[in-house]
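# Model the structure of this input:
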Amino acid sequence: MRKLEKRVAVITGGSRGIGKGIALEFAKQGANIAISYLSNEEAARATVAECEEYGVKAIAVQANAGDADDVKRMADTVEKEFGTVNILVNNAGTIGIEVSIEDMEVEEWDRVINTDLRGVFLSSKYFIPLIKKRTDGTVGKIINISSELSKKGRECYGHYAASKGGINSLTMCMALELAPEINVNIVAPGPIETDMILADMEPEWVEKEKDIPLKRLGKVEEIAAAALLLASDDGNFFCGQFVSPNGGAVFF
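I've put the predicted structure just below:
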């Protein structure tokens, strides 16, 4: 039997990259899928179609992760389509532009914090009631996607690292509030080979990211495998934990 058979998983920012990889892995394991996307409807439709190839139901909802009305509308749509939710993956985020604190525009700071941190708060706020509604006897799961940079920082990415550090603290609070009915944990990837990185970053930057003990970028599928561990019954004893597949980029 597949590990997530007949469960419902919501993945924010699930149309591409790590979010898409998690959505496909969960669908492969039998979960019905709801993803959100910001603007790329074509990519979202493609992800839905790929999920459906595993014989599950999948939907995509356009929603800005940092907009309360959008997230509430998505939660209402998911409730109408599926009734309840078993798993929430708070993945939607942006890395922001590379800029020092003194040169950073206030609007850029607010943009990253709004998406990366406020977005986790909003989707948790509106989807927790749907997770609590489930009656199938499973343990509810929330997985917040953070980053290794939340621990070690990086020059000129203070907004991104701060938002991810906030996610870490919020996760611990949520874990204490929601246990034992819902387990809340973190997946904090290191440098991962996504379409965004390969398309937007200079080759020299990509090569520099490979300068870690394992000498390569991680694969989206490796992050999805960590998320699956936490989402499935195999992860029922994980609570408030920081799981970081990072190739040895930083030790915890």
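# if I look at the residue nearest in space to the middle of the chain, how far off is Lys80?
What sits nearest the mean C-alpha location of the chain, by Cα atoms, centre = their mean, is Asn91, with 2.0 Å. According to Cβ to Cβ, to the nearest Å, Asn91 stands 22 Å off from Lys80. (Each C-beta comes from the backbone N, C-alpha and C, glycine too.)
# next one: phi and psi at Met104?
phi -70, psi 130 (degrees, to the nearest 10).
# quick one: secondary structure of the closest residue to it other than its chain neighbours?
The shortest distance from Met104 to any non-neighbouring residue, by Cβ to Cβ, 6 or more residues apart in numbering, is to His159 (6.6 Å). Here His159 is recorded as helix under DSSP: H, G, I helix; E, B strand; the rest coil.
# Do you have the helices of the stretch 1-150 of the chain handy? List them.
For the stretch 1-150 of the chain, the helices defined by DSSP state H, counting those that start in this stretch occupy 17-28, 41-52, 68-82, 106-113, 119-132, 149-152.
# Can you list the helices and strands that the shortest one packs against?
When contacts are defined as 3 or more Cβ pairs under 8 Å, 6 or more residues apart in numbering; DSSP states H and E, helix 149-152 packs onto helix 158-178.
# Quick check: what element follows the helix or strand bottoming out on mean pLDDT in the chain along the chain?
Across the helices and strands of the chain, mean confidence by mean pLDDT, DSSP states H and E is lowest for helix 195-200: a mean of 62. For helix 195-200, the following helix or strand on the C-terminal side (DSSP states H and E) is helix 203-209.
# Check the offset of that next one from the chain's centre.
Offset of helix 203-209 from its chain centre (Cα atoms, centre = their mean, to the nearest Å): 24 Å.
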